[in-house]
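J.: fold the following and give me the result.
(one chain, ligands or ions: 1)
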Amino acid sequence: MQERINITFVAVFLALTVVHVATADESNLKEIMQELRDDSVAIFDGLLTDDFSKVARGADRIANHPQIPPAQIQLVAAELGPEMATFKQFDTSVHDLAVSIGAAAEEKDHDRAATNYQRMLDGCFGCHAVYRQRVAAVLGGAAAQE
Ligand code: HEC
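T.: This next block holds a predicted model:
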């Protein structure tokens, strides 16, 4: 009897683990980036058409983009070593500017939203200039091994 309970427990545990993995809100870095692009384009469109709620929605999505999965973080950290701090700083800067864009949009302050939007794009390009190829190479290799 005891053994049957244990087996049932293990089976349920395994089933839950599989469900958790399947439904976890985890996008890989490339998918996160594709969402950042869509949201950046949406903000630009909102700014061009004075659609502040569109600007706010895009900014909110960028500010709250999904986390990079831990396995990918580890690969990036192994490649970048101490430079990981700079990589994270770019992400933090983009995050903070997205929050500022959202706040400006709520106040219908077009100039402030547009200025912070341009600064945010500088953050996208800044990280790409230094890290995009390097990190893509590491993660691409990992994807091939899966
Ligand atoms: C902290 C560094 C960093 C920041 C900040 C960053 N990116 Fe990226 N981005 C990357 C890396 C690394 C890749 C390569 C990912 C890969 O190929 O696996 C990438 C790739 C991309 C791609 C190409 C995806 C594809 O399909 O190949 C797009 C689009 C993109 N980023 C958009 C953005 C936008 C928009 C922003 C700003 C809102 C941004 N990124 C900010 C690091 C960054």
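
J.: residue 37: how many residues sit nearby?
T.: By the criterion of other Cβ atoms under 10 Å, residue 37 has 11 neighbours. Using the backbone N, CA and C atoms, a C-beta is placed for each residue, glycine as well.

J.: near the ligand at all, whichever strand or helix holds residue 31?
T.: Per DSSP states H and E: residue 31 is located in helix 29-48. Yes - shown here: helix 29-48 in contact with the ligand (Cβ under 6 Å from any ligand atom) through 29, 30, 33, 34, 36, 37, 40.

J.: one more: stretch 74-84?
T.: No - between stretch 74-84 and the ligand, judged by Cβ under 6 Å from any ligand atom, nothing touches; the nearest distance is 7.7 Å.

J.: ok, now how distant is residue 46 from residue 54?
T.: 3 Å (Cβ to Cβ, to the nearest Å).

J.: the two: which is more packed in?
T.: Neighbours were counted for residue 46 and for residue 54 using other Cβ under 10 Å; residue 46 has more, 23 against 18.

J.: could I get the pLDDT score of that one?
T.: We have a pLDDT of 98 for residue 46.

J.: show me the contacts for it.
T.: The contact partners of residue 46, by Cβ atoms under 8 Å, 6 or more residues apart in numbering, come to 52, 53, 54, 55, 56, 57, 58, 105.

J.: repeat that with 6 Å
T.: Neighbour list for residue 46: 54, 55 [criterion: Cβ atoms under 6 Å, 6 or more residues apart in numbering].

J.: for residue 61, see how far away it is.
T.: Relative to residue 61, and taking Cβ to Cβ, residue 46 is found at 12 Å.
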